Structures are given as C-alpha cells and as structure tokens.
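How does the following fold in three dimensions:
(chains A and B)
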Amino acid sequence: MRPGRLARLGGIAATLGVASCVENLTAPGKCPEFCPSGSIRIVDTLLTMNVSRDSAYRGYVLAHEPAALAVVDAPGVMDSRAIMVTGALADAVVLAGDTVTDRIVGSDSLKLTLTLTRRDTGAQNLTLRFYRLPVNLDSTTTFANVAGAFATAPLRTVNLDSLEAKATRDTATGNFVFVDPATGDAIAVDTATDRVALTVKFDSLQAPYSAADSGRLGIGLRVAAGGPTSVAIATRASVVGGARVSWYATVDSITDSSTTRIHKLPPFPRGVEFESFVFDPPPAPLDSTLAVGGAPSARSLLRVDLPRAIRDSSQIVRATLILVPAVAARGAPADSFIVEAHTVLTDFGAKSPIALDPQRTDTAMIRIGATDSVRIEVTNLLRLWAVDTILPTAIMLRAQDEGSNPAEIRFYPSAAQPYRPSLRVTFARRFPFGVP
Amino acid sequence: MKAARRLDGWTGRVLVGAAVLLSAYPSSRLTAQDSQFGIQGLGTPGRFETVRARATGGAFAPFDAMSPLMEAQLGDVPGLTATAMGGTSYRDADLDGRTTSLRATRFPVLGFAQPMFRRLIVSGSYSTYLDKSWQVTLRDSIVLRGTMQPYTDDISSDGGVADLRIAAAARVSAHLAVGAGVHLLSGSARMAALRTFDAVGGDTLYQPLLQREDVRYTGLGFSGSALAVLGSSLRLAAFARADKRLRAWLGDDQLASEADLPSAVGGAVGWWPSPSARFAAAVAWRSWADAGPQAFNTVNWSAGAELGGRFSPVRLGVRGGRLPFGPGPSAPKELGFAAGTGMAFSQGRALLDVGVEHLRRTGSGLTERVWTFLAGLTIRP
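The predicted model follows:
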C-alpha cells in the first residue's frame, strides 16, 4: 500500500474513532428563554371533607398478647403492673447417672431473668419490686383482682441503677455485666440495643415449691423511681423471648449417702406460662372519637374519598393526614408512642386486613399530654392508591407496639365538623408533553 | 458472491471495519445535530445532506445523488447505490458566561437508489427532519405550605422526527432531470420530567416526582425538483417542498398538539470547470414562521468546492443563515465551515467519506460552538 493512501486511511480511521459515541445532552437551563415551554406545576390543596365514614374498634391485641409488658408508675395518671405465672414443674426428676425418678420435695432458690426492652434512662433510682401473686392469673384478671397481693410487702426489691453502676465491660461481648455475690442478682446491658437482662434471685421462702400448684408461682412486678417512670418487659411474643425461670430444687434421692440433695435444674428451665399487665385507670369505653393505642389495643379506620383528578391524573409528592386530638394523649409522660397509618387490603370494617409493608407505612410520634394536631405523612399510602386502583382508599391507624402500652390517643371524628380529619395533598399536574 | 469478491482483501477488511463502527451506533440515536435553540420550538431541523455534501457546507447537496435534499439529481445514479452516515458533535453552549460541554452521536442519513427503467430512478431514504433530543437541568424554588422549597428539575426529550422519503427521478433529456418525492414524517420522543426536592432542615417529605411520556409525531410532505446541465460545466438546480401539519400524539389517539410545517424553495448553481475542480453554491428559504411562536422564516446559503479526482477529493465549504427557533425577537444566526475528504475502493464501488464541520450559532445571549466529525459509507455493489 502506498504511504499516501495509508496516511489517508489513518485519518479516516481517526475520524471514525472520534465519532465513537457517548452522549451528553444535559445543559443548564435558562428560563424561560432556553427551557421547554411547559413546566411541572405543583398544586397544594387541603381536602377538608374527603375523610368520612370513620370508626374506632378495640380488641386487636389483648394485654397478654403483645411483645412487651408496660410497667408504669405515673401517680395520678397511670399505674401499670406486670403479672406472670411461671411454668409448671414435674413433681419428680431423673438425676444424671440415675435410673429412677426422684421426687421434688422443695425449693432451694429460683432465678428469674427478665429483659427490659425499654426503660426511662432519665429516671433516678429505677427500682423493680417483685410480689407474690396467686397462680390463677389469666386474661380476665384485672387491676383490682390483684391489688391486694400488690399491697403486701414485696418479695424482692432490686435497684436497677445500683446494679448498673457496678457493671463493667465484658471483653468478650462488649456488654456491661455485673453479678452481685451477696444477692445473686445479675445485670447485663447490651450496648448495641440498650436492652437490659436482669436476673433476680429468690430464696426458698420467696419462691417456695408448691406441689399442689405443680411448682407454679405467681409473680407481680411494679416499677418505681424518683419520679414518674416506666419500663417495658419482653414477652414470649418478642424476638428476645419472655422471662426465663431457673429452679434450684431439692429432691428426695437414694443414689447417694445423703437422702436429699440440692439439684440445679437447668435441664428443666422454665419460662412463664402466662404474662400480662394490668393497669389503672382501665381504658375508657369507645365513643364516637377515633381511638388509637391502649390495651386491649384500639384502631381507627378512616375512609378517604380521593378525587379522581388527583388519584388518576396527577402525581402526589406529599400528603399529610391532619388529626385533631379530642383529648390529650393519655399515658405515662415518658411513654410517647408511634401511630402507624396502614392501607387496608380490603375494607371489612373492624376486620379489615392491613397491608404490613414497611415501605407503604407512614408514622407519626404521639407525645403524651399533647393536644396539638397530629400530622401523619401518608404520601406512601396515597401513592400506592394511585398505582393500585383496586385497593380501597381507607387508612387504618394503629399503635406501632400495639397492645404493649396502655397509652392511647383519641382524635375527633369526621362527625365533628370543625375538627374533623383532613388531608393536605401536594401534587403535580401532568406535564404538558407533546406541546412545543 | 460477486460483490464479495469485489470487496475482498485488505480493502474489504477496512470497509467491513468502517461498517461495523457505523452500525455500532445506538439504533435509538437516529437523529441529527441538536441545539439549545430548538428546545422551545419544534426541534432542531436536520440537514438532508450526506457527508460529501456536509463537507462542502451543504452546497453540493443539490448535486449529490444520495443527499435527500432534492430528487432530480438521482438521475446521476448509475446503479444500485446505498449510503449511510454518522457523526458525533461536540458542542460548547455558552450562556451568560457559563460554558457547558455537550456531546451527541447521530446517524442522520440512510438511503438507497436504484434505476428501475431506462430513465427512471427510484430511491428510499431516511433522514432526520427534526431532532428532539435535549435535556435541561433547572434549579429553582417554590413556596409550599409556607416554606420555601428548593428543587431541581431535569426535563429531557430523546428522539426526533424522521423523514422517510420515497422519491423518483427521471432524466428527461441529456440536459434536464426532474424528480418528485413523498415524505412521510414519523417519529417519537421519549420525554421525561423529574423534580427532586431539596431537603430543608433535614426535611425530605416531598418525594421526587417523575413523569414520562412517549410522544409520537406524524406528518406528510411533498417535494419536487429539477436539475439542468448547461453546457459542459454549468449546472442549475431548483427545488420546492411543502410539508403539512406535524401532529403530536400521546398514547394511541390523544392529540397533544399540531403545528404547521414549512414550505421550502431553493436553488443551486454548480460549476464543473474541470474533472478535478467542482464548485457549487446553494440557497434555500423555508417558512418556519408558520410553526408557531418563537419561530422565524429562514434563509440559508452555502458555498463549497470539491477538488481532486473523484476517488480521493478534498472538500471545503462554508454555510450561513438563520435557525428557525429562538427566544429573541430575531432568528439566531449560524455560520459554519466544513472540510473533508473521501476514498474510493474497489474501482469506486465503495466510497468512504469523512468530514469535519464547525458551526457557530448565536442569539439571545447563547452562543453555541459545534465541532462535528462525520463519516459515511456509500456502496455500489
């Protein structure tokens, strides 16, 4: 090939190489001169009459069903106490290395381990008091039923702050732990979750073995501090599990020279077979207001008439449900709780199944005692309705930790005209595509 | 097999490589050079010119058989001919002292021509009629619920309107050729508007919104042209074209807008003093002012030369005129220079053309400087 022809081909190849493509069309706009004639138009509107046919229902999560038990001491406001019954023991056990069963004849001690999932870290001298309760506790047990038992002297009183002050960091886990050699009590504070695992030791008098009750024990728990306070104790329904019970029992044994031996029964750890909480004052009966929270838990269903122009022909960028409390939120001062707004899959009134999708759930924090309007951002819900037009346009309000807290709020319903629920919607009209 | 034999060896490999490079361009980029000036109008008009014509500033388009500007010059097509071209533009948009560098790759002309009878040549071609590819980023704020809420808008359009032409030309005599064409205007643009709200005090309650729409465009046009050869070296060309309304459709049948498309008339003169020197000049008028507000009638001119043998010429050209859309009281101006060359292979059965074009557009405070690198391949099997 001639050199001139080769050079020319090189030039052509270079031009083709330069023409290899990447695209960058983005330019800063100077409006209106060098921008499209159309623009995104935002409209903000308050829909005052579009929330209607609202109702409140109670009984979704009962006091013995939640993931946590609320123990509250707020004098004059709320007094909530945990009650539980330990699991039954067999009346005889087979000791290691033995082939015959040995009858349990008594108790040496018992260790009860509780997990506190929430506590008032601002409280001073946070103290837990344990009481002996009858074993016939059940879901119908009321505050008044056990008031007498709680009026007696407590079995044990444990100052949580004192224990925690002595805790040191465990190099293996990173948690702060302490075991009191004098009482046998122990504490472990999980530095990651701030959960507190508290082990309380009861002696044979505080935790006697009752063959008639199959070893069951009724235990009650109150909390106290320098001021109003509350704690939440994990139950069997929680991810961390409920209370754990370890019996140290005495058995009648013939395998040794001694006729009785003390045997720890870790192979037979017992949990609790019933746990609940009772509180005073009891929840007020439902009325025309929209109640959310409490125990048994209450939910409120609000039906929204979303204009078709918004639902079908625009795009919602923000939507806020505005609710006016009929009364101040009730509960312990430190027990602010979260109200969740869910859409329902089908509108069956009280039995409407809710969509449990975290991406489609909107929330708002409720401050105890506050009477300010509550604003719940429901953008996710309204956007879901715009996408899935089969879904009923109804919102179910419920407490996030449903049933685990007696705290409750009540909002004015749609029947209360001046204070009825309203919806503030910010949306974008359709961009004028196709118009020069 | 016959064609394969003709394009084998080293030359064949070069052509295959060039063809691969050209065909590697994204198929969705079948549009032409764009400009900020077209955002508020119908778009940026395409050029009905092959690389050969572009390299001469457009002056040779009326005389270049494969340029779809006219039809009459198809009479020069000796046999089945196909052409394709692509180009990449590097554009600096200087607005209020701020310069933004943009880049786009386009594939603006495809076509073929085939003599059908002794004097009749038919052609089918694709070319860009309007480019509608642009993207604008805006920063602004709006008072929402009593709070000033800053936001960023990204508004984009990706697509264009293609001119699908079926044309025929006949050589009436040794000195005169005439042609006519029907133009089916068809295209689409994928448009999107995205607004992202800033977080104000950590508040990101306003969710971003994105709206999309595929806009279809339809239209129809007719054209006619004549090419006369006077003596041995002088050529005269004239053309006229009338395009009807351009309709924009949303979905299947929702008419979004209509706009009148321009009529165009133009002429050109070519002087071929020797086989190795060819000169041409052209002018065209288009009634773009009918297209709506911020639109202007345009007059565009060009002059160019092609020097050297037909198998390896050097091309030069200059063009000027007005752009049809702009925000000011007068149409934006455009001035450009171009140069290029070509190379023939296999006894002229394959032509590889390259060119480079520089344009400067000014108007309403915006100055655009565009370098476009062009490559085209023409095959006559």
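
Need the per-residue pLDDT for residue 197.
Using chain A. Note for residue A:197: predicted pLDDT of 94.

Sorry, I should have been clearer: chain B.
Looking at residue B:197, its pLDDT is 93.

For it, name its beta-bridge partners.
Beta-bridge partners of residue B:197, counted by DSSP bridges, are residue B:151.

which SS class is whichever residue of the stretch 151-300 of chain B sits closest to chain A?
Nearest residue of the stretch 151-300 of chain B to chain A, counting by CB to the nearest CB: residue B:256, 2.9 Å away. C-beta: built from backbone N, CA, C; applies to glycine. Assigned by DSSP: H, G, I helix; E, B strand; the rest coil, the conformation of residue B:256 is strand.

Number of residues surrounding whichever residue of the stretch 101-250 of chain B sits closest to chain A?
For the stretch 101-250 of chain B, the residue closest to chain A is residue B:105, as judged by CB to the nearest CB, at 3.1 Å. Neighbourhood size, residue B:105 [other CB atoms under 10 Å in any protein chain shown]: 18.

Who are the packing partners of the longest strand along chain A?
Across chain A, the longest stretch assigned as strand under DSSP state E is strand A:101-119. When contacts are defined as 3 or more CB pairs under 8 Å, 6 or more residues apart in numbering or on different chains; DSSP states H and E, strand A:101-119 packs onto strand A:92-94, strand A:196-203, strand A:229-234, strand A:244-252.

Of these, give the one that comes closest to chain B.
Nearest of these (CB to the nearest CB): strand A:229-234, 28.2 Å.

Distance from the chain centre to that closest one, please.
How far strand A:229-234 lies from its chain's middle: 12 Å, per CA atoms, centre = their mean, to the nearest Å.

sorry, back to before: in TSV, list the helices and strands packed on strand A:101-119 along with distance to residue A:103 and mean neighbour count.
Shown next, in TSV, are the helices and strands packed on strand A:101-119 (distance: least, CB to CB, whole Å; neighbours: other CB atoms under 10 Å in any protein chain shown):
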stretch	distance to residue A:103	mean neighbour count
strand A:92-94	5	15
strand A:196-203	21	20
strand A:229-234	33	26
strand A:244-252	5	20
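
Can you check which of the ones you listed gets nearest to residue B:358?
Among these, the nearest to residue B:358 by CB to CB is strand A:229-234 (74.1 Å).

what pairs with the closest one, and is each one parallel or antiparallel?
strand A:68-74 (antiparallel), strand A:101-119 (antiparallel).

Now do it and strand A:196-203, the angle between them.
90 degrees (axes from the mean of the first three to the mean of the last three CA atoms, to 10 degrees).

Any chance you could list what contacts strand A:229-234?
Residues from elsewhere that reach strand A:229-234, judged by CB atoms under 8 Å, 6 or more residues apart in numbering or on different chains: A:67-74, A:80, A:82, A:114-120, A:123, A:126, A:128, A:195, A:221, A:223, A:240-243, A:332, A:334-335, A:401, A:404-405.

returning to what we had before: how far does the longest strand of chain A sit from the chain's center?
On CA atoms, centre = their mean, the centre of strand A:101-119 falls 27 Å from the chain's centre.

That strand: which residues count as buried?
Buried residues in strand A:101-119, defined by neighbour count with 16 or more other CB atoms under 10 Å in any protein chain shown: A:102, A:104-105, A:107-119.

Stretch B:65-74 too?
Those would be B:65-74, for stretch B:65-74 by 16+ other CB under 10 Å.

can the strands paired with strand A:229-234 go into JSON lines with extra columns for mean pLDDT?
Shown next, in JSON lines, are these (pLDDT from 0 to 100):
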{"stretch": "strand A:68-74", "mean pLDDT": "92"}
{"stretch": "strand A:101-119", "mean pLDDT": "87"}
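
Tabulate those strands (JSON lines), appending distance to residue B:93.
Conversion of those to JSON lines gives the following (distance: least, CB to CB, whole Å):
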{"stretch": "strand A:68-74", "distance to residue B:93": "62"}
{"stretch": "strand A:101-119", "distance to residue B:93": "59"}
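
now, the most widely separated pair of the buried residues of stretch B:65-74?
Farthest apart among these - using CB to CB - are B:66 and B:72, which lie 13.3 Å from each other.

Could you pull up the contacting residues of the residue of the stretch 151-300 of chain B closest to chain A?
A:432-435, B:215, B:248-250.

Would you map the helices across the stretch 151-300 of chain A?
A:160-165 (DSSP state H, counting those that start in this stretch).

Under the pLDDT cut-off, which ranges of it? List them.
The stretch 151-300 of chain A contains residues with pLDDT under 70 at A:253-269.

Over in it, which residue gets nearest chain B? Let me know.
Closest to chain B within the stretch 151-300 of chain A is residue A:292: 21.5 Å, counting by CB to the nearest CB.

I'd like to know how many residues surround residue A:365.
With neighbours defined by other CB under 10 Å, the count for residue A:365 comes to 12.
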